[in-house]
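*Asks:* Predicted model and sequence follow; I will ask about them next.
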Amino acid sequence: MRIFRSPWGKIELTEERKQHIVSFHPDIAPYLRYFDATLRVPKRIARSKHDKDVIICYRQLPRRKLFLAIIFRLKPHNNFILTAYLANKIKRV
């Protein structure tokens, strides 16, 4: 398990979630190193339309026209990453 700092407190990335991300979004593997900066200082933040406790953090990748999107759930004393993917643009909410 890896723990990241963020404006919402600590956010966990479990090994199970990491495997899910890499399995379903294999193109993200080289960008796992940007998770820390994306969560610590996101460039854009959005809340899920369907669940007020789910937040999406975006950061444009260096020298790319892609954004790293990290989706996590806010829980008292246990914020955790649900998934992450590469996006061509930021979703409008």
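*Replies:* Cool, got the structure.

*Asks:* what's the helix ranked longest in the chain packed up against?
*Replies:* The single longest helix within the chain, with elements called by DSSP state H, is helix 15-24. On a contact count with 3 or more CB pairs under 8 Å, 6 or more residues apart in numbering; DSSP states H and E, helix 15-24 meets strand 79-87. Using the backbone N, CA and C atoms, a C-beta is placed for each residue, glycine as well.

*Asks:* Can you give the contact residues for the strand it packs on?
*Replies:* For strand 79-87, contacts defined as CB atoms under 8 Å, 6 or more residues apart in numbering pick out 6, 8-14, 17, 20-21, 24-25, 27-28, 31, 35, 54, 58, 61, 66-73.

*Asks:* Next step: these restricted to strands.
*Replies:* Judged by DSSP state E, the contacts of strand 79-87 include 6, 9-13, 54, 58, 67-73 as members of strands.

*Asks:* So in this structure, where's the weakest helix or strand by average pLDDT?
*Replies:* strand 44-47 (a mean of 94; mean pLDDT, DSSP states H and E).

*Asks:* Can you give the strand pairings for it, parallel or anti for each?
*Replies:* Paired neighbours of strand 44-47 in the sheet (DSSP bridges): strand 54-60 (antiparallel).

*Asks:* any idea how far D53 is from W8?
*Replies:* 11 Å (CB to CB, to the nearest Å).

*Asks:* I56 and L68 touch, don't they?
*Replies:* No: assessed by CB atoms under 8 Å, I56 is found out of contact with L68, at 10.6 Å.

*Asks:* Just give me the residue right at the centre of the protein.
*Replies:* Centroid check for the chain by CA atoms, centre = their mean gives I70 as the closest residue, at 1.5 Å.

*Asks:* pLDDT at that residue, what is it?
*Replies:* Listed pLDDT for I70 reads 98.

*Asks:* what's the answer for R64, then?
*Replies:* Turning to R64, the model gives it a pLDDT of 80.

*Asks:* Would you agree E15 is in contact with I21?
*Replies:* No: contact criterion CB under 8 Å: E15 and I21 do not qualify, at 10.8 Å.
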